[in-house]
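Student: From the sequence below, what's the structure:
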Amino acid sequence: MFLNFFKKKDPIEAFWQYFQEHEKELYSFRDEDIDKLFGELHRLIKKVNNQLVFSMPKQLLDDKREFTISGSGIGKNFPDVIRLVEAAPKMERFTIIAFNQRNDDEHGTTSDDIEITRDDVFFDYMYEKEREAFFLSLYIKGFEEKNDNYYAVVLDLLEIVIGEYTLGTEIAEIEFKKFINEVDLLPINDLPKILEDIKKGIILKRDEF
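Tutor: I've put the predicted structure just below:
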């Protein structure tokens, strides 16, 4: 009993305990509260997994605030995202979401003076049916192979187009290339339908091996 008294609290439990204790403040947060409230949430989520992050838009949806937990697009972090979200208590003011979701209303992404829109990216692919492996080749306008920032911005765009979980679990490999012309290429907006068709067993023969 003495040892149990000093037992370290589970980091997932500690995260949601703090969240519940400050639910009202988080729901109606002011800009001057962000550093304090989010700083502690950031510290607590890193105890679950150092690569987990969260986001919370200012706008409400049906009078509720969305709180999204992400694995930073890294597949090995996904089980921790799922565990953390599944442990979330029911809260009247919040909707807890696992992974950054596909957003058909978002047109592009910007980072470090690099802007990539849906109109800038085309793709081709191969699908290995035996291993159920999808290999994606991206063709990006203005792409600079030696500029690492391009890779991050394009991956952010892919999250917008297909969602973080799909990107991390259904794409086996991604190849980045500079766009030359769109002959025989598909616009990036077609990618969600291609992935859905493959799930349904609808595969063009030229894209299957």
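
Student: Other residues contacting stretch 135-146?
Tutor: Here stretch 135-146 makes contact (C-beta atoms under 8 Å, 6 or more residues apart in numbering) with 116, 120-128, 150, 154, 171-180, 182, 185, 188, 191. All C-beta spots, glycine's among them, are computed from the backbone N, C-alpha and C.

Student: Now with 6 Å, please.
Tutor: If you take C-beta atoms under 6 Å, 6 or more residues apart in numbering as the criterion, stretch 135-146 is touched by 120-126, 150, 154, 171-179, 185.

Student: what's the answer for stretch 113-130, then?
Tutor: Contacts of stretch 113-130 (C-beta under 6 Å, 6+ apart): 107-109, 134-141, 149, 153-154, 157, 182, 185-189, 203, 207-209.

Student: likewise stretch 177-194?
Tutor: Stretch 177-194 is contacted by residues 118, 121-124, 139-141, 143, 161-162 when judged by C-beta under 6 Å, 6+ apart.

Student: Sketch out the helices for the chain, chain order is fine.
Tutor: With DSSP state H as the criterion, the chain has helices at 2-5, 11-21, 23-27, 34-48, 78-86, 148-162, 164-170, 191-199.

Student: got a markdown table for these, with mean neighbour count, distance to Arg102 and mean pLDDT too?
Tutor: Below are the helices of the chain laid out as a markdown table (neighbours: other C-beta atoms under 10 Å; distance: least, C-beta to C-beta, whole Å; pLDDT from 0 to 100):
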| stretch | mean neighbour count | distance to Arg102 | mean pLDDT |
| --- | --- | --- | --- |
| helix 2-5 | 6 | 45 | 53 |
| helix 11-21 | 16 | 25 | 97 |
| helix 23-27 | 15 | 25 | 94 |
| helix 34-48 | 15 | 23 | 93 |
| helix 78-86 | 17 | 16 | 98 |
| helix 148-162 | 19 | 6 | 96 |
| helix 164-170 | 19 | 7 | 97 |
| helix 191-199 | 15 | 7 | 94 |
